[in-house]
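Peer 1: need a structure here:
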Amino acid sequence: MVYKTRGTCSQAIKVETDGDIITSVQFAGGCDGNTKGLSSLVVGMKIDDVISKLEGTTCGMRKTSCPDQLAQALKQAKAQA
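Peer 2: From the prediction side, this is the model:
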């Protein structure tokens, strides 16, 4: 699924899952090294574990961040499953 981000430098996040396990994450835009690192770290993890760790993360004065938007994308993917 592709999630259109809100309030971040990244424009979208492509998430693939197998059951409750994350198999792939790709950000469109954002801080290249940070989004690649974040994507690598969460592959193989359970969706709920990632949501609980990342949801609510802010970036500077913004109320959201790329990690928070990933949590939102995973919540949407979970709801669609």
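Peer 1: Just the element for the nearest residue to residue 51 once chain neighbours are set aside, please.
Peer 2: With CB to CB, 6 or more residues apart in numbering as the criterion, residue 51 has its nearest non-adjacent residue at 4.7 Å, and that residue is residue 71. In short, each C-beta sits where N, CA and C put it, glycine included. In this assignment (DSSP states H and E), residue 71 forms part of helix 66-80.
Peer 1: Check which residues of that helix are buried.
Peer 2: Neighbour-count burial for helix 66-80 flags 66, 67, 68, 69, 70, 71, 72, 73, 74, 77 (criterion: 16 or more other CB atoms under 10 Å).
Peer 1: And stretch 30-49, by the same measure?
Peer 2: In stretch 30-49, counting by 16+ other CB under 10 Å, buried: 30, 34, 35, 38, 39, 42, 47.
Peer 1: and it, how far from the chain's centre?
Peer 2: 7 Å (CA atoms, centre = their mean, to the nearest Å).
Peer 1: Helices of this protein, start to end?
Peer 2: 32-42, 47-54, 66-80 (DSSP state H).
Peer 1: Please identify which of the ones you listed is closest to residue 11.
Peer 2: Residue 11 lies closest, by CB to CB, to one member of those: helix 66-80, at 10.2 Å.
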